[in-house]
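Q: The following block contains a protein sequence and its predicted model.
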Amino acid sequence: MTTPRQQLIELLDRDAERMVRFLSEFLAKPSANPPGDTREATAFVADFLKAEQVPFRIVDPQPEMPNILGTFEAAGAGKHLVLNGHIDVFPAGDPADWQHDPWSGKIVDGRVWGRGATDMKAGTTASIMTYAYLYRFREHLKGKLTLTAVSDEETGGKWGTRYLLENHADEAKGDCVLNGEPSDPCAVRFAEKGTLRLTFTIRTPGAHGAYTHRSKNANRIAGHLMDRLDKLVDIPPAMPESVAAVVNRPESLAAADQAMGEGTSTIINKVTVNYGVLRGGLKVNMLPGTCVMEADIRLPVGTTRETVMAEIETILADFPEASVAVQEAASNPTSHSDPTHEMIALVQQAASELGRPRPEVICSLGATDCKHFRYHGVPAYVYGVPPGNMSMADESVAIADFLHVVKTHALAAFDYLSA
Ligand SMILES: [Zn+2]
């Protein structure tokens, strides 16, 4: 006699083509953020959930950024698992740079193409399918399962995940979160770096371009300031013992390199600084009196904003022309969950059972909505497809990786709600 778990695996295999078609059509509903209007893509997901006859509703504090919130109770008492993914995606840039139209959802060469294929409509599809397919097995499960498919992730989550946690905690705040942001099947993520975004403004009197004796050059000062800020990378790590013990293992560092590119292991434990925007000067024959520089500083787990800002204040003492302001809405502390939580073992077990190497436990460089759950004390874990061309032209996902992640999510969730 086949067990319900085996039936689930068979059902997921049988419906593989249906899931690929869903992802393809989901990608063909543009949901770039900015501008962030996700109504068409959300309506597509809602139609699917309606057809599946699973409970859900739309929560839209911003009408153009609707969120999907669904919950069902299983047969017995148990734990509450929350599935989380985002519907909004990065802008596509110039379609001429793409081999296939970024909003085509084209299926070619064993891959599904389009903006958001890896970040993260593949992962959000894993959440949606897990919710819909586990609903059919609810008589065999315990506890509660919630789906949160949100908008407004790419711009911080104020109207998405954060809103749901603050206003619909009964549903959104579970015992554990599973999220399908790109991670690579070789890795499951339990922690992520923090973000500190700063705007530096450098002001000097400015002058005619031939009168270099009249004023310091604001652009030149920005250059010197960058040289000094580069040294922030030397701030000693302050990782909690429990986190360091996991992410500094050679296996974890190797998996981080595999998932996020060679060299990841050299910065995962360090502060990094990126000067993303530089605006200085008006005209080639004028000596610039103002330069504005925006820096994106990433904090390793354990390093606080206060530590970094103290260092920056010390540096700025040598730059009387410069001032700094924190971009509050875009700055967030680091976050981590228990690296020995049962969800990690369940994801590892499911992934291996489905024929992949056992995923390693790693820390993420980039930020996800998992941080909001962690700030609310809910352990949150990420398992997703390889990042591939995430945020670049020709973003695409291998069908095999996509289906593997869908099945891993469904099995790990099934097992979590069976225990
Ligand atoms: Zn994402």
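A: The structure has been received and is ready for your questions. Numbers count the residues shown, from 1 in each chain.
Q: going forward, measure contacts between C-alpha atoms and count neighbours the same way
A: Fine.
Q: can I assume His409 sits in a helix?
A: Yes: applying DSSP: H, G, I helix; E, B strand; the rest coil, one finds His409 inside a helix.
Q: Could you chop this structure up by domain?
A: According to automatic domain parsing, the chain comprises the domains 4-192+334-416, 194-235+270-330.
Q: Show the average pLDDT along the shortest one.
A: Within the predicted structure, the mean pLDDT of domain 194-235+270-330 is 97.
Q: That domain: how far from the chain's middle?
A: On the basis of C-alpha atoms, centre = their mean, to the nearest Å, domain 194-235+270-330 sits 27 Å off its chain's mean C-alpha point.
Q: Same check on the first one?
A: Mean C-alpha position of domain 4-192+334-416 versus that of the full chain (C-alpha atoms, centre = their mean) differs by 11 Å.
Q: Now do the SS call for the residue sitting nearest the centre point of the chain.
A: For the chain, Thr368 is the residue whose C-alpha lies nearest the centre (C-alpha atoms, centre = their mean; 3.1 Å). With three-state DSSP as the basis, the three-state label of Thr368 is coil.
Q: In this model Leu232 seems to touch Arg298, though I could be wrong.
A: No: look at Arg298 against Leu232 with C-alpha atoms under 8 Å: they stay out of range, at 10.3 Å.
Q: if I look at these two, which residues touch both of them?
A: 271-273 (C-alpha atoms under 8 Å, 6 or more residues apart in numbering).
Q: Bridge partners for Ile107, pull those for me.
A: With DSSP bridges as the criterion, Ile107 is bridged to Val112.
Q: count of residues packed around it?
A: Applying other C-alpha atoms under 10 Å, we find 19 other residues in the vicinity of Ile107.
Q: ok, it to Ala28 distance?
A: 11 Å (C-alpha to C-alpha, to the nearest Å).
Q: quick revisit: neighbour-wise, which of Arg298 and Leu232 wins?
A: Between Arg298 and Leu232, counted using other C-alpha under 10 Å, the more crowded position is Arg298 (29 against 18).
Q: nearest residue to that one other than its sequence neighbours?
A: Using C-alpha to C-alpha, 6 or more residues apart in numbering and skipping residues adjacent in sequence, the residue nearest Arg298 is Thr195, 4.7 Å away.
Q: So which other helices or strands are in contact with the strand or helix carrying that neighbour?
A: Using DSSP states H and E, Thr195 sits within strand 194-203. With contacts taken as 3 or more C-alpha pairs under 8 Å, 6 or more residues apart in numbering; DSSP states H and E, strand 194-203 sits against helix 218-229, strand 290-299, strand 322-326.
Q: quick one: Thr266 is in a helix?
A: Yes: in this structure, Thr266 lies within a helix as judged by three-state DSSP.
Q: Tell me the predicted confidence for it.
A: In this prediction, Thr266 has a pLDDT value of 96.
Q: and if you look at His372?
A: 97.
Q: Now do the SS call for the closest residue to Ala172 other than its chain neighbours.
A: Excluding its sequence neighbours, the residue lying closest to Ala172 (C-alpha to C-alpha, 6+ apart) is Leu165, at 5.4 Å. With three-state DSSP as the basis, Leu165 sits in helix.
Q: Ok, the one 5 residues further on next?
A: Using three-state DSSP, the structure places Asp170 in helix.
Q: hang on, isn't Pro359 packed against Cys186?
A: Yes: judged on C-alpha under 8 Å, Pro359 makes contact with Cys186 at a distance of 4.4 Å.
Q: residue ranges of the helices in the stretch 201-350 of the chain, please?
A: 218-229, 241-247, 250-260, 264-267, 305-316, 342-353 (DSSP state H, counting those that start in this stretch).
Q: Other residues contacting the fourth one?
A: I take that to be helix 264-267. Counting by C-alpha under 8 Å, 6+ apart, residues outside helix 264-267 touching it are 253-254, 256-257.
Q: So which bits of it are buried?
A: Going by neighbour count (16 or more other C-alpha atoms under 10 Å), the buried part of helix 264-267 is 264-265.
Q: CA atoms of that helix as CSV?
A: Output of helix 264-267 as CSV, limited to C-alpha atoms (Å, rounded to 0.1, in the frame of the first residue of the first chain):
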residue,chain,number,x,y,z
THR,A,264,32.2,34.3,-1.6
SER,A,265,34.0,32.5,1.3
THR,A,266,36.5,35.4,1.5
ILE,A,267,33.8,38.0,2.2
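Q: Would you pull up how far it lies from the middle of the chain?
A: Going by C-alpha atoms, centre = their mean, where helix 264-267 is centred and where its chain is centred differ by 18 Å.
Q: And the second one, by the same measure?
A: In terms of C-alpha atoms, centre = their mean, the centre of helix 241-247 is found 21 Å from the chain centre.
Q: For that helix, what does the pLDDT average out to?
A: 94.
Q: any idea where the helices of the stretch 51-200 of the chain begin and end?
A: Under DSSP H, counting those that start in this stretch, the stretch 51-200 of the chain gives helices at 122-135, 161-167, 169-172.
Q: coming back round to it: quick one, which of the helices of the stretch 201-350 of the chain is nearest to Lys142?
A: helix 342-353 (15.5 Å; C-alpha to C-alpha).
Q: can you put the contacts of helix 264-267 in JSON lines and add distance to Gly384, pLDDT and neighbour count?
A: JSON lines is the format used below for the contacts of helix 264-267 (distance: C-alpha to C-alpha, whole Å; pLDDT from 0 to 100; neighbours: other C-alpha atoms under 10 Å):
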{"residue": "Leu253", "distance to Gly384": "18", "pLDDT": "97", "neighbour count": "23"}
{"residue": "Ala254", "distance to Gly384": "17", "pLDDT": "97", "neighbour count": "20"}
{"residue": "Ala256", "distance to Gly384": "13", "pLDDT": "96", "neighbour count": "30"}
{"residue": "Asp257", "distance to Gly384": "16", "pLDDT": "96", "neighbour count": "16"}
